[in-house]
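how would this look folded up:
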Amino acid sequence: MSTTLTDRYIAVTLHRVPGKQRPEIERELRAAIADDVDARVELGEAPSAAEYAAVKELGNPSLLATRYSGRSGALIGPQVYPSYIGTLRTLCWLVLPILAVVLITAARASGANAWASIFPPLGSVLTVAMYIVVVVTVLFAAVDRAGATATAARGADAWTPELLPEPAAPQPTSVGETIAKAVVGAAIIAALFVQRSVSAVHDGSGAAVPILTPALWHFWLPYFIALIVLAVAHVVVKLWLGRQTRMTAIVDVVIMYAGAIPLAVLFWQARLVNPALANTPSTLGAPASWISWLAVLIIALVTSGRLVLLWQLLTKGTDR
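Predicted coordinates for the structure are as follows:
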């Protein structure tokens, strides 16, 4: 199906307005452009020239969308809203489950019962979720305002229909999601180093007891750090390619299993969390404990969900 100048103009305009307003705005725009084209054709203009003039007279579609949507009253505009939601989803899925496991493990290690080991940490997880929402919202609001200001500064006079983008498939991985994953990767690596000197548990001399078993630094923790760096680099490569290929999908699966399987085994064997955190050796030192079950279950759920999403995106020919 061929795409007319009108279709391209309307597509750009609708991309910047809320979804509920799009059908009505599309009908209004198509009717206005068609009436203008008909009037110009009756005056002797060629149909293509009439369409070009009608679209040009409407002006910059970004500014037109701002008037339609009342965008100044929106904290996050429709232009960046999909990336905003994608970033929030990525951060929450990556940060909150890991935080929950760490906090529940630390509470259990301090001798708390099952009730006190689960519900207070969940409150802390909700607090962190709130901070994530606030920080991400502020950042994207600033980006959105900067984009709107730049667009307004350029003005409508400099705009011509030649500036309309050609129709293209949606980018599989957004810049926002790539930045979010890079930030999360850096935060996890930083946390691995910080936990060596910052801990809620201290030994007899007052020194902080690391959350993770110190012996893991001989191989496993450098291994996971390298894997995180590789995963972030792979996300950047997918953004650069602009699409998911069979090879990038295979790399996705390899990286995912390369991290999930050793992590699950370490949890199951009670080798990940430092036994020195516990008041009694049996609290964390026993393999296949309830903490190990919980951690392995979360790892399995996240891994399975990512595999299902990968399959769906590949069958549709796109990727996140």
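
Now Asn60: closest residue in space, sequence neighbours ignored.
Setting aside the residues directly before and after it, Asn60 is nearest to Trp159 in space (CB to CB, 6 or more residues apart in numbering), at 4.0 Å. From N, CA and C alone the C-beta is placed, and that goes for glycine too.

And that neighbour, how far from Glu51?
Distance from Trp159 to Glu51, counting by CB to CB, to the nearest Å: 16 Å.

who has more neighbours, these two?
Using other CB atoms under 10 Å, the more surrounded residue of Trp159 and Glu51 is Glu51, with 22 against 18.

Need the per-residue pLDDT for that one.
pLDDT for Glu51: 91.

Same check on Gln79?
pLDDT, Gln79: 59.

now Val138
84.

My guess is the residue nearest to Asn60 contacts Gly59. True?
Yes - in this structure, Trp159 is within contact of Gly59 by CB atoms under 8 Å, at 6.2 Å.

Give me the buried positions along stretch 259-273.
Within stretch 259-273, the residues that count as buried by 16 or more other CB atoms under 10 Å are 259-260, 262-264, 266-268, 270-273.

Which pair of these spans the longest distance?
Distances among those were taken as CB to CB; the most separated pair is Gly259 and Ala270, at 18.9 Å.

follow-up on the earlier one: give the helix, strand or coil label for the residue nearest to Asn60.
Using DSSP: H, G, I helix; E, B strand; the rest coil as the criterion, the local structure at Trp159 reads coil.

buried ones in stretch 298-306?
Residues of stretch 298-306 classed as buried by neighbour count (16+ other CB under 10 Å): 298-299, 302-303.

mind listing the helices in the stretch 201-320 of the chain by residue range?
220-241, 246-268, 281-285, 290-316 (DSSP state H, counting those that start in this stretch).

With mean pLDDT and distance to Arg196 as new columns, can the ones you listed be given to me in JSON lines?
Shown next, in JSON lines, are the helices of the stretch 201-320 of the chain (pLDDT from 0 to 100; distance: least, CB to CB, whole Å):
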{"stretch": "helix 220-241", "mean pLDDT": "89", "distance to Arg196": "10"}
{"stretch": "helix 246-268", "mean pLDDT": "85", "distance to Arg196": "17"}
{"stretch": "helix 281-285", "mean pLDDT": "52", "distance to Arg196": "18"}
{"stretch": "helix 290-316", "mean pLDDT": "69", "distance to Arg196": "20"}
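
Select, out of those, the one closest to Val125.
Using CB to CB, the helices of the stretch 201-320 of the chain put helix 290-316 closest to Val125, at 12.3 Å.

returning to that earlier point: format the buried residues of stretch 298-306 as a markdown table; extra columns: distance to Arg22.
Below are the buried residues of stretch 298-306 laid out as a markdown table (distance: CB to CB, whole Å):
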| residue | distance to Arg22 |
| --- | --- |
| Ile298 | 38 |
| Ile299 | 40 |
| Val302 | 34 |
| Thr303 | 37 |
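
Which single one of these is nearest to Thr87?
Proximity of the buried residues of stretch 298-306 to Thr87 (CB to CB) peaks at Val302, which lies at 17.6 Å.

Not counting its neighbours along the chain, what's nearest the closest one?
Of all residues not flanking Val302 in the chain, Pro97 sits nearest, at 6.5 Å (CB to CB, 6+ apart).

For stretch 240-253, measure first residue to last.
Length of stretch 240-253, first residue to last, CA to CA, to the nearest Å: 19 Å.
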